[in-house]
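Trainee: Generate coordinates for the sequence data below:
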Amino acid sequence: MTLRPCVPPSPPTPVRRPVRGRRQDGGAAAVELAIVLPLLLAVVFGVIDFGRMMANQITLNEAAREGARAAAFNQPVQAQVDRVAPGITVSYSPSPVACASADPSQNVTVTVFQTWSPITPLGPILKLISNDSSAANGFTQRAKGVMQCAG
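Mentor: Numbering: from 1, shown residues only. Coordinates of the predicted model:
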């Protein structure tokens with residue numbers, strides 16, 4: 001019996017395969033980002049401004065309701081509306097003084113107005129793609145409250 005020296009086996013040599021069908025994709029990600037990023041930003045800005053607009057509309061509805069209630073009970077309308085949302089323009093019909101002498105079946109209507117404008121770059125973008133030049137400056141939101149005169 002002959003002894004052999006203990007030699008570790010050599011690692012197998014890797015088989016090199018030819019690379020087929022592989023392309024250089026270095027610029028594809030940049031092109032995809034350039035296409036998708038404006039759309040993604042428009043959606044994000046739209047969600048932000050839409051949420052602000054809806055919150056403002058809820059405040060206007062509450063102010064109109066409180067103004068109509070104040071008019072129905074012969075209280076100062078503008079003071080009540082300013083308590084809920086300061087800086088809102090108010091119009092009412094009939095006047096609260098007329099509601100004091102009216103029969104209880106008459107209604108008083110209070111309408112509130114406020115100009116809303118976007119805070120994100122969506123406003124100037126809307127101005128670019130829209131025919132309306134005032135789109136970037138915002139628009140007037142309205143709310144109406146109707147209540148029966150208390151008599």
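Trainee: does the residue minimising distance to the centre of the chain belong to a helix or a strand, and which?
Mentor: Central residue of the chain (CA atoms, centre = their mean): residue 50, 1.9 Å from the mean position. Secondary structure assigned from DSSP states H and E places residue 50 in helix 28-72.
Trainee: Can you classify residue 111 by secondary structure?
Mentor: strand (DSSP: H, G, I helix; E, B strand; the rest coil).
Trainee: In the sheet, which residues pair with it? Tell me.
Mentor: residue 91, residue 144 (DSSP bridges).
Trainee: What's the local residue count around residue 88?
Mentor: 19 (other CB atoms under 10 Å). In this view, the C-beta of every residue, glycine as well, is placed from N, C-alpha and C.
Trainee: Okay, buried residues for the following helix or strand past the helix holding residue 50 please.
Mentor: Heading C-terminal from helix 28-72, the first helix or strand you meet, by DSSP H and E, is helix 77-84. Neighbour counts over helix 77-84 (16 or more other CB atoms under 10 Å) mark 77, 80-82, 84 as buried.
Trainee: tell me what helix 77-84 is packed against?
Mentor: helix 28-72, strand 89-93, strand 107-116 (3 or more CB pairs under 8 Å, 6 or more residues apart in numbering; DSSP states H and E).
Trainee: nearest to residue 7, of those?
Mentor: Minimum separation from residue 7 across these (CB to CB) falls at helix 28-72, 49.1 Å.
Trainee: Good, we can wrap up now.
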